[in-house]
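A.B. asks: Fold the following.
(2 chains)
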Protein chains: 2
Amino acid sequence: MNITNLTNSTENVVYSEFPSMALNFSWLRRGIAEIFPQPHDADSETESLEKRLANTNRPLRVKLGIDPTGADIHLGHSIPVRKLRAFQDAGHTAVLIIGDFTARIGDPTGKSDVRRQLTEDDVALNARTYLDQVRPILDFDTPGRLEVRYNSEWLSRLDLGKILELLSTMTVGQMLAKEGFAERYKQENPIFLHEFLYPLMQGFDSVAVEADVELGGTDQKFNIAVGRDLQRHFGLKPQFGLLLPILIGTDGVQKMSKSLNNYVGLGEHPSQKYQKLQCVPDNLLSQYFELLTDLPLDKLKENPRDRQKHLAWEIVRQYHGEEAANEAQKAAESCGEEGTLPEFSLAEAEVQFPAKLAYVLCLSKLCKSTSEGKRKIQEGGVRLDGVKITDADTTYQHPSELQGKVLQVGKNKFVRLTP
Amino acid sequence: MNITNLTNSTENVVYSEFPSMALNFSWLRRGIAEIFPQPHDADSETESLEKRLANTNRPLRVKLGIDPTGADIHLGHSIPVRKLRAFQDAGHTAVLIIGDFTARIGDPTGKSDVRRQLTEDDVALNARTYLDQVRPILDFDTPGRLEVRYNSEWLSRLDLGKILELLSTMTVGQMLAKEGFAERYKQENPIFLHEFLYPLMQGFDSVAVEADVELGGTDQKFNIAVGRDLQRHFGLKPQFGLLLPILIGTDGVQKMSKSLNNYVGLGEHPSQKYQKLQCVPDNLLSQYFELLTDLPLDKLKENPRDRQKHLAWEIVRQYHGEEAANEAQKAAESCGEEGTLPEFSLAEAEVQFPAKLAYVLCLSKLCKSTSEGKRKIQEGGVRLDGVKITDADTTYQHPSELQGKVLQVGKNKFVRLTP
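C.D. replies: I've put the predicted structure just below:
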């Protein structure tokens, strides 16, 4: 592999720091979904993660697996990375695992879009882009606080004997109980045998790096538990699992996802981030503050509009600094009365009703022509107050159907429609 | 591996022999359970094995897999080996595959007695013993007629990427349809994931040696079919499967097996073979002739006793030559009136009725004492006319219950009870 090693060796860690951490673990509990096992769980070693953190005499190794099939990451992805930073600040070692092995192989059936095959260069580029994007979050500089590992290091060395051993640790019944498999098996949707290996491969990563804690979304509980079993099988102390919530996107409905266009990318321009975040629906604001900032939650501004602006400013500050946050805020405020958006007056433009949406798109200058407007609608790029419009012939009978709403083309073009 | 290579390279084969074989394939059809695919099968290449044999311009490669976990083999095991010889005689190449890879690994769960772990030396010794025992059956000498391969040659080189590819060719549903798995899954008996790999490993053997035909017992249909699928996946022409019946043991009831003590071992002394074979029950004789000899089935002797002797003589001849067969026959005939067994007269020994079986065992000198007799009965080593007696207190009320019957202790001690 010609991927540059970004690892800071753990050898530089000052072990005498431990155990000396403050016994306040509020940072640990903030915004998490679950920690397992709990002391009362049957398979627990009757030790809580807090106790482990308080009593350890060495930095714990905190694992986060990274899928290098996509380069762009968004605020949803940042949540476990932020928790990883919290562990770093408490003196522990973040172990970022780039899942290059599976990405290089792809899905052998060729049926999975998610597991398309990447070249070595693709993987290297995606890993680099990923690390660039999380650089503002993680501590890359303090010695011993970050290890970046590629799982091909150990997975490419597994032979059939070892793989038989990995497989022998689980039964078909246990694997079919996994969320996703259970439903597919019931519905007689084919499950290919190699799919059973992925949780074991992820679990073996925990063996290879001797993880003490693994972070992941709530959808990772099964895989992290497999890691525990494999560590036990190979004579290691099983890791703790720390599960983090899946972030709801800026639409307030579905989980944040690039394909749903309800995301804020870490790589986006400060103004773009600000624009999107100042529109986060009221009911999501406290979750966003909890998961994406370190601000004390009992001291948030009362006015919802102020809270939106504060969130937008704070997150831009995290990634781009205070100056950029101020600028983005200023730019957004200069955009219009509402402090956010340019306006388009239906009356001033003398829009005649019934009016075609494509025509309004042209008149408002969101599109260059009515035909471009139609095309954008057909491509799914046009939303009215966040609702996608897909019929190119959509027609409105009366200005009241449009007044006060936000018309949007693509990611970056918005106008507020006024009477 | 320090196992001597017993392979005769195919390079020495005179290819010009093909296609010149007689178009009589009676040798192929004799004593088989099934050939698949048939031209009318959905997945067939609309070519029968006969047609393939008739039209090939090179020797076909005929695979038989050998499990090297046990050293002793019996007549049941000899059936596919004999068919292999028939292919050799028709000019084709026998490819014997010693399954050393799995034997070296054993069962990773340690739960399977069948898959206990063997050392390299164990495997080498068992393979050597196996080859010594089949030497009288196979053509070891004609160049190009025999290849002996150890599957560690290719299986030990498989990496995780290749194994993912193998696994991706099958679904969980297909695997759970396999005889054995289906019942266990239904009954919620755990199936460990590594068990799914064994059929794929056997199938990959067919890819590695580019088998044209695979031989096996009727219980091997699934595995041979997996080999076909994998060959197709790797761009090879899929092999034919030729399935052979499972031999019923000399007890006439269960399949021949060492543990059931109803077997004739290829390594046994000629006299021992003869003794056992001349007692094969009438109803099995024609199957034994069909599967274990090349004699024309329409020319067998009419008298059942003569047929038994003929079978015994013929099989001893196959493994030890004519002289040994004659000697074994002579020895058997000098044993008693019936030509086979020493006799024990109940009247002459003044056996009092009711009489305990253990006492008869002592009087007849099959056991040294009545208590040894009881122990032998309890151990399951005593049979009356082939029926196992297990109650140590078994008592007979009248001589008529015993007269004319054969009393047997262990494998080698027999008497015929006379009035």
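A.B. asks: ok, now which ones touch the spatially closest residue to residue A:69 that is not a sequence neighbour?
C.D. replies: Distances taken as Cβ to Cβ, 6 or more residues apart in numbering or on different chains place residue A:103 nearest to residue A:69, at 5.3 Å, with adjacent residues excluded. For the C-beta atoms, the positions are set from N, CA and C on the backbone; glycine is no exception. Residue A:103 makes contacts with A:67-69, A:115, A:117-118, A:122-123, A:126, as judged by Cβ atoms under 8 Å, 6 or more residues apart in numbering or on different chains.
A.B. asks: any idea of the mean pLDDT for stretch A:94-105?
C.D. replies: On average, the pLDDT along stretch A:94-105 is 91.
A.B. asks: And that stretch, what's buried?
C.D. replies: Burial within stretch A:94-105, assessed by neighbour count using 16 or more other Cβ atoms under 10 Å in any protein chain shown, is assigned to A:94-105.
A.B. asks: And stretch A:172-179, by the same measure?
C.D. replies: Under 16+ other Cβ under 10 Å, the buried positions of stretch A:172-179 are A:172, A:174-176, A:178.
A.B. asks: Tell me the residues of chain A that contact chain B?
C.D. replies: Proximity of chain A to chain B (Cβ under 8 Å from any Cβ of the partner chain) is limited to residues A:101, A:104-105, A:107-109, A:155-156, A:158-161, A:163-165, A:167-173, A:175-176, A:185, A:188, A:190-194, A:196-197, A:200-201.
A.B. asks: What strand or helix carries residue A:133?
C.D. replies: Taking DSSP states H and E as the definition, one finds residue A:133 inside helix A:120-134.
A.B. asks: which helices and strands does that helix pack with?
C.D. replies: Here helix A:120-134 is seen to pack against strand A:93-98, helix A:100-105 when contacts are counted using 3 or more Cβ pairs under 8 Å, 6 or more residues apart in numbering or on different chains; DSSP states H and E.
A.B. asks: residues contacting the residue in the stretch 201-350 of chain A positioned nearest to chain B?
C.D. replies: Across the stretch 201-350 of chain A, the shortest distance to chain B (Cβ to the nearest Cβ) belongs to residue A:201, at 7.6 Å. With contacts defined as Cβ under 8 Å, 6+ apart, residue A:201 is in contact with A:101-102, A:151, A:155, B:160.
A.B. asks: Now, of the contacts of residue A:103, which are buried?
C.D. replies: Using 16+ other Cβ under 10 Å as the burial test, the contacts of residue A:103 include A:67-69, A:115, A:118, A:122-123, A:126 as buried.
A.B. asks: could I get these as TSV with pLDDT?
C.D. replies: Formatted as TSV, the buried ones among the contacts of residue A:103 follow (pLDDT from 0 to 100):
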residue	pLDDT
A:67	87
A:68	85
A:69	82
A:115	66
A:118	84
A:122	87
A:123	88
A:126	88
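A.B. asks: May I see those organised as JSON lines, with distance to residue A:216 added?
C.D. replies: Converted to JSON lines, the buried ones among the contacts of residue A:103 look like this (distance: Cβ to Cβ, whole Å):
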{"residue": "A:67", "distance to residue A:216": "11"}
{"residue": "A:68", "distance to residue A:216": "16"}
{"residue": "A:69", "distance to residue A:216": "17"}
{"residue": "A:115", "distance to residue A:216": "18"}
{"residue": "A:118", "distance to residue A:216": "22"}
{"residue": "A:122", "distance to residue A:216": "24"}
{"residue": "A:123", "distance to residue A:216": "21"}
{"residue": "A:126", "distance to residue A:216": "19"}
